[in-house]
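>>> when you get a sec, could you give me coordinates for this:
(one chain, ligands or ions: 1)
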Amino acid sequence: MIKAAWEGVTLLRVKSTLTGGAWNPPGYMGKIIEFPDYNSGNGLWHGDQWTKNIIAEELGHSWDIRGDLFGGWNGGHISQAMIPYIGASTRDCAGLIYLCWNYQPGQEAPVNNHHASLNPVEDWGGAFAQFVEPLPAQNLGPLREQYIKIQIALLVTEIK
Ligand SMILES: [Zn+2]
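Predicted coordinates for the structure are as follows:
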């Protein structure tokens with residue numbers, strides 16, 4: 001699974017990023033993930049569960065946007081397909097999924113960490129991070145968990 005989803009992906013430790021936090025910069029098709037020395041989300045990196053959760057989230061974004069030149073700013077293939085699966089709606093987003101301020105995440109709540117309720121890209125990233133490196137007091141709903149398992153199964157099919 002790791003080879004199929006993240007082959008050729010480089011994790012970079014950098015001084016700072018444009019967003020202040022860890023991210024997949026646009027233009028690299030999900031092949032570069034940058035982790036700034038100081039992370040605006042929660043200060044410095046400690047190798048704790050929070051750090052692992054952030055790394056898992058960025059790996060989730062990378063998988064989602066791989067091959068996408070714009071770096072998933074308008075939603076990668078996995079987060080796009082998750083929208084109807086979880087009954088979410090982006091109809092008020094004017095086609096700009098990542099900048100969707102009226103995202104309706106569906107009946108089941110997205111995970112409560114970071115900014116998962118902002119748009120489908122972060123909804124997927126937060127759900128995947130919670131699946132792989134769960135944070136306490138966060139809840140991954142059964143619909144999103146099932147969707148992640150389907151994506152992993154599809155990946156296994158892809159390898160064959
Ligand atoms: Zn994210």
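>>> list the residues that contact L135.
49-50, 53, 113, 129 (CB atoms under 8 Å, 6 or more residues apart in numbering). Just so you know, the C-beta spots here come from the backbone N, C-alpha and C atoms, and that holds for glycine as well.
>>> which stretch of helix or strand covers it?
Assigned by DSSP states H and E, L135 belongs to neither a helix nor a strand.
>>> closest residue of the chain to the ion?
Nearest to the ion in the chain, going by CB to the ion, is G125, at a distance of 3.9 Å.
>>> circling back to that earlier point, quick one: which of the contacts of L135 is most hemmed in?
Using other CB atoms under 10 Å as the neighbour criterion, A129 leads the contacts of L135 with 27 neighbours.
>>> flag every residue of this protein that's near the ion.
122, 125 (CB under 5 Å from the ion).
>>> do you have the strands of the chain handy? List them.
10-14, 32-36, 38-39, 43-44 (DSSP state E).
>>> of the contacts of L135, which belong to helices?
Judged by DSSP state H, these include 49-50, 53, 129 as members of helices.
>>> give me the pLDDT value at the residue nearest the centre of the chain.
Centroid check for the chain by CA atoms, centre = their mean gives G125 as the closest residue, at 2.1 Å. At G125, the model reports a pLDDT of 94.
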